[in-house]
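Asks: I would like to see how this sequence folds:
(2 chains)
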Amino acid sequence: MSWYKPADIGFAVRSKLADLGLGARLFVQLVGQGARSLGRFGLVRDQIHFLGNYSLAIIAVSGLFVGFVLGLQGYYTLQRYGSSEALGLLVALSLVRELGPVVAALLFAGRAGTSLTAEIGLMKAGEQLSAMEMMAVDPVQRILAPRFWAGVITMPLLAAVFSAVGVIGGYVVGVLMLGLDAGAFWGQMQGGVDVWKDVGNGVVKSIVFGVAVTFIALLQGYQAQPTPEGVSRATTRTVVVASLTVLGLDFMLTAMMFSI
Amino acid sequence: MQRSNNDIWVGLFVLIGGAALLFLALQSANLLSLNFQKTYAVTARFDNIGGLKPQTAVKSAGVVVGRVESITFDDKNFQAAVTLALQNRYSFPKDSSFKILTSGLLGEQYIGIEAGAEEKTLQAGDVVTDTQSAVVLENLISQFLYSKAAEGSTPPPANANNNNKK
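Replies: Model prediction:
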């Protein structure tokens, strides 16, 4: 392989295109399997248990500490302008709009996405997926689709838990530690946070992130080289690609949602 | 479908997620108190509304009694027609005056109602013309400069405001 010979360039472009096409076809298949895998809810339920329940602890603890830190940092900055009562608004808006969906998605990619990739990659390396195909069981339908839909369902719930726990963390620091007035804290928050514009858009964001992170994890596992090295590389790529995708998508979604 | 031990944990997880969403909607966005109170519409005419926006609060004695529903321009008398949704449980005398006020020095603008003395109360669809417009900072500054220039006409001020003096 060299970078200047036309034949090599052509081969590289062609294989990249083939990868893209495989990814797009897998995505269409996963979405198309939606009704059927939600109909067989047992499979999805077990995956929600694995992806959601076991991620709850890390999400809740991270949310709490992000709320603490937002409370402290926000308080010291707002105090300079004599408007420390706006702390509740600051904490709630930044969590609900940005930090909740984004940080929860990053944690989800690290906690759940990697395990999805490794599981699928090892199934492929152990030729379990090929064995299923031999038995005329579609691995996309039986293995990938339930995981995909479980991830899509789980992500908004985790993001909501993150934001809610974070708001409580901000309350603990702002009101209980720093002695702000509780009425002002909640009142400013309730005056400034809109149900549809802020909370609703946050939920939309987290659903999009759920689709992106779960799909990337599954695709990396499904396309991994069926060797120990290939699986480890695919797991690494899941974290890198999913994190960058979440951050990029976040910018685009924010630009679309809050500029109109 | 088969039952499994996971059912209860998944159910709990979904409930926790739902509770978190509910908490965000109710506690931080205050969904309930906004939408489930009956209101009546009153229109107030202002010469200048400044930076008033729909959905801002209408307060009387500092208590929120309603919201600004919509703001339109009336090209018959060149005034802004502000439609207010006042909560049904509060009624105000017909001669109440409406002012556009600012919370804090540079804070958000809101409408304050100062109750009048009349027996009759405002009904849905009434139009209030006893209003006080928003304070526009530029007008204040130019008034201040004019008065300064007028004051300083005996010992002429050193700056360029000389041409303003009477």
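Asks: drop to CA atoms for contacts and neighbour counts, all remaining ones
Replies: Noted.
Asks: Spell out which residues of chain A are next to chain B.
Replies: With Cα under 8 Å from any Cα of the partner chain as the criterion, chain A meets chain B at residues A:42, A:45-46, A:48-49, A:52-53, A:92, A:156-158, A:160-161, A:163-165, A:186, A:189-195, A:199.
Asks: Quick one: buried ones out of the residues you listed?
Replies: Neighbour-count burial (16 or more other Cα atoms under 10 Å in any protein chain shown) applied to the residues of chain A next to chain B gives A:42, A:45-46, A:48-49, A:52-53, A:92, A:156-158, A:160-161, A:163-165, A:186, A:189-190, A:192-195, A:199.
Asks: Lowest mean pLDDT among the helices and strands of chain B, which one is it?
Replies: helix B:31-35 (a mean of 56; mean pLDDT, DSSP states H and E).
Asks: chain center to stretch A:143-154: distance?
Replies: 12 Å (Cα atoms, centre = their mean, to the nearest Å).
Asks: How about residue A:184, nearest residue that isn't a chain neighbour?
Replies: Leaving aside its sequence neighbours, residue A:184 sits nearest to residue A:85 (Cα to Cα, 6 or more residues apart in numbering or on different chains; 5.7 Å).
Asks: mind listing what the one you found touches?
Replies: Taking Cα atoms under 8 Å, 6 or more residues apart in numbering or on different chains, we find residue A:85 in contact with A:180, A:181, A:184, A:185, A:188.
Asks: which one of those residues sits closest to chain B?
Replies: For those, the minimum distance to chain B (Cα to the nearest Cα) is 9.0 Å, reached by residue A:188.
Asks: ok, so what distance separates the closest one from residue B:129?
Replies: Remark: distance between residue A:188 and residue B:129 (Cα to Cα, to the nearest Å) = 31 Å.
Asks: Neighbour count: those two, which is higher?
Replies: When neighbours are counted by other Cα atoms under 10 Å in any protein chain shown, residue A:188 and residue B:129 differ, and residue A:188 comes out ahead with 19 against 16.
Asks: what's the pLDDT at the more buried one?
Replies: The confidence metric pLDDT takes the value 80 at residue A:188.
Asks: ok, now which ones touch it?
Replies: Taking Cα under 8 Å, 6+ apart, we find residue A:188 in contact with A:85, A:86, A:88, A:89.
Asks: Can you give me the separation between it and residue B:149?
Replies: 42 Å.
Asks: Over to residue B:15?
Replies: From residue B:15 to residue B:149 the distance is 69 Å (Cα to Cα).
Asks: repeat for residue B:20
Replies: Per Cα to Cα, residue B:20 is found 61 Å from residue B:149.
Asks: Give me the subset of the contacts of residue A:85 that lies in helices.
Replies: Among those, DSSP state H puts A:184, A:185, A:188 in helices.
Asks: Excluding chain neighbours, give the residue nearest to the second one in space.
Replies: So the one you mean is residue A:185. Nearest residue to residue A:185, sequence neighbours excluded (Cα to Cα, 6+ apart): residue A:88, at 4.6 Å.
Asks: Quick check: the one you found touching residue A:171?
Replies: Yes: between residue A:88 and residue A:171 there is a contact at 7.3 Å, judged by Cα atoms under 8 Å.
Asks: any common contacting residues for these two?
Replies: By the contact definition Cα under 8 Å, 6+ apart, residue A:88 and residue A:171 are jointly contacted by residue A:185.
Asks: The two: who's more crowded?
Replies: A direct count of neighbours by other Cα under 10 Å for residue A:88 and residue A:171 places residue A:88 higher, at 32 against 24.
Asks: Which per-residue confidence value corresponds to that one?
Replies: At residue A:88, the model reports a pLDDT of 89.
Asks: The strand or helix carrying it - contacts with which helices or strands?
Replies: Assigned by DSSP states H and E, residue A:88 belongs to helix A:87-94. In terms of contacts (3 or more Cα pairs under 8 Å, 6 or more residues apart in numbering or on different chains; DSSP states H and E), helix A:87-94 is packed against helix A:54-80, helix A:145-171, helix A:182-192.
Asks: from the chain's centre, how far out does that helix sit?
Replies: 22 Å.
Asks: which outside residues touch the helix or strand following that helix?
Replies: Scanning forward in sequence from helix A:87-94 by DSSP H and E, the next helix or strand is helix A:100-108. The contact list for helix A:100-108 (Cα under 8 Å, 6+ apart) reads A:55, A:58-59, A:63, A:155-156, A:158-160, A:162-163, A:202-203, A:205-206, A:209-210, A:213, A:242-243, A:246-247, A:250.
Asks: what's the average pLDDT for helix A:100-108?
Replies: 96.
Asks: Over to stretch A:248-260?
Replies: Regarding stretch A:248-260, the rounded mean pLDDT is 86.
Asks: quick one: it to chain centroid distance?
Replies: 16 Å.
Asks: Can you pull the poorly scored residue ranges out of chain B?
Replies: B:1-2, B:29-37, B:104-107, B:153-166 (pLDDT under 70).
Asks: Helices of that one, residue ranges please.
Replies: For chain B, helices defined by DSSP H occupy the ranges B:6-23, B:31-35, B:137-151.
Asks: Can you say which of those is packed in most?
Replies: helix B:6-23 (a mean of 18; mean count of other Cα atoms under 10 Å in any protein chain shown).
Asks: At the geometric centre of chain B, which residue do we find?
Replies: With distances taken as Cα atoms, centre = their mean, the residue of chain B nearest its centroid is residue B:110 (2.7 Å).
Asks: Max pairwise distance over the contacts of residue A:85: which two?
Replies: Pairwise distances across the contacts of residue A:85 (Cα to Cα) peak at 12.0 Å, for the pair A:180 and A:188.
Asks: Beta-bridge partners for the nearest residue to residue B:47 once chain neighbours are set aside, please?
Replies: Spatially, and ignoring its direct neighbours in sequence, residue B:47 is nearest to residue B:79 (5.1 Å; Cα to Cα, 6+ apart). Counting by DSSP bridges, residue B:79 is bridged to residue B:74.
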